[in-house]
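> Here is my input; please provide its structure:
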Amino acid sequence: MTDPVREALALWGLEGAECSFVAGRENRVYRVRSATGDLALRIKRPGYRQEDELVSELVWLEAMDRAGLHVPRPVTARSGRLLERLGGNFVDVLGWLPGKPMGKSRTPLSVADRTGVFHVLGAEMARLHAACDAWRQPPGFRRCRWDIDGLLGDAPLWSRFWDNPTLDPATRDLFLRFRQVARDRLGDPRTSLDFGLIHADLVRENVLLDGPVIRMIDFDDGGFGYRLFDMATVLLKSMAEPDYPTLKACLIDGYLGRRALDLSLLDLFIAIRALTYVGWIVPRMAEDGGAERNARFVAEARELCATCLRDSGVHQGEGER
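Residues are numbered from 1 along each chain as shown. I've put the predicted structure just below:
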């Protein structure tokens, strides 16, 4: 255990607690075993989020916990603050949630009740969205925006996917044409889209199964966005499943059983979600497996975008120029 970890633990009165490294990318996460239960210590990557964004995430999680959602509960430091600064890093502590991940992305789904899990996940997603809409955000609340600009603008949240250096000219042209079509559809005043706070990263690793209960973790990328974006993230990571149509139907049924949602642009959002990874991978290509992941992201996005552009419902009228 490194000295910064010991210093961070001390800020929460956890000196001497058993601690083990769990994962590290945007956050370095450690599992802490304390007398009152297991906790997650998160040391933030410098520069990834501003202080007000990080505090907003924790306040949001507190509110969702009070609303009965199965999400990590922030733990107050000795100072009374939810977030502390340690050198050039920010740190926080969350309650450790029981359960095991639903699975791994790109690995065949292996759960006992596949359809039941997707139905409950859809319902939990709807509960999250409803609770977010019912919550009055405090002054100064700030999170990223997965809106038209955040997804398809000149400076998307996860980089300019069309500038991925591995794209051949035909693929780059396809992505640019799709980008224009998608911008036109999302910006059409006749288009009705549900917008509000979303998790934004409901991949299998961030969905914990604990018997009949589903818990959601890692709200690091959560912010304001289209509710279809949350559903698209789940579905994108399951398209290779042999029973994908059934899983998709169960996710939708679970959601609509709790909350209404216009699904007419769902397939468009699945393609948009695929494109975000083409941008996300650019600064990570040098990592182990980065080149392979990039090739997979590009191929997947190319297929989905081409399918959408062939769909007359997506690029009708002057949509494609």
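
> Every contact and neighbour count from this point should use C-alpha atoms.
OK.

> could you pull out the helices for the stretch 201-321 of the chain?
227-236, 244-256, 266-280, 290-310 (DSSP state H, counting those that start in this stretch).

> Please work out the angle formed by the directions of the shortest one and helix 290-310.
Helix 227-236 runs at 120 degrees relative to helix 290-310, counting by axes from the mean of the first three to the mean of the last three CA atoms, to 10 degrees.

> how far is helix 227-236 from where the chain is centred?
9 Å (CA atoms, centre = their mean, to the nearest Å).

> quick one: secondary structure of the closest residue in space to A155 that isn't next to it in sequence?
In this structure, A155 finds its nearest non-sequential neighbour in D149, 7.2 Å apart by CA to CA, 6 or more residues apart in numbering. What DSSP: H, G, I helix; E, B strand; the rest coil gives for D149 is helix.

> Tell me, how many residues neighbour D149?
13 (other CA atoms under 10 Å).

> ditto for F175
23.

> Please apply the same query to V278.
V278: 28 neighbours (other CA under 10 Å).

> Correct me if wrong: it contacts L157.
No - contact criterion CA atoms under 8 Å: V278 and L157 do not qualify, at 12.0 Å.

> Please save the CA atoms from the lowest-mean-pLDDT helix or strand in the chain in CSV.
Here the helix or strand of the chain ranked lowest by mean pLDDT, DSSP states H and E is strand 18-24, holding a mean of 90. Only the C-alpha atoms of strand 18-24 are listed here, as CSV (Å, rounded to 0.1, in the frame of the first residue of the first chain):
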residue,chain,number,x,y,z
GLU,A,18,-6.8,-3.5,5.6
CYS,A,19,-6.7,-2.2,2.0
SER,A,20,-6.3,-3.8,-1.4
PHE,A,21,-6.1,-2.4,-4.9
VAL,A,22,-9.1,-3.2,-7.1
ALA,A,23,-8.9,-1.3,-10.4
GLY,A,24,-7.5,1.8,-12.0
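
> Tell me which strands it pairs with, and in which orientation.
In the sheet, strand 18-24 lines up against strand 27-34 (antiparallel) (DSSP bridges).

> residues making contact with the partner strand?
Defining contact as CA atoms under 8 Å, 6 or more residues apart in numbering, one finds that strand 27-34 is touched by 14, 17-23, 38-45, 96.

> Mark which of those are buried, thanks.
By neighbour count, with 16 or more other CA atoms under 10 Å, the contacts of strand 27-34 hold 14, 19, 38-45, 96 as buried.

> just curious, which of those residues is nearest to V59?
When the buried ones among the contacts of strand 27-34 are ranked by distance to V59 (CA to CA), R42 comes first, at 15.6 Å.

> between the helices of the stretch 201-321 of the chain, which one is nearest to E84?
Closest to E84 of the helices of the stretch 201-321 of the chain, according to CA to CA: helix 266-280, at 27.9 Å.

> Counting by contacts, list what the closest one packs against.
If you count contacts as 3 or more CA pairs under 8 Å, 6 or more residues apart in numbering; DSSP states H and E, helix 266-280 packs onto helix 227-236, helix 290-310.

> Span of stretch 42-62 from start to end?
16 Å (CA to CA, to the nearest Å).
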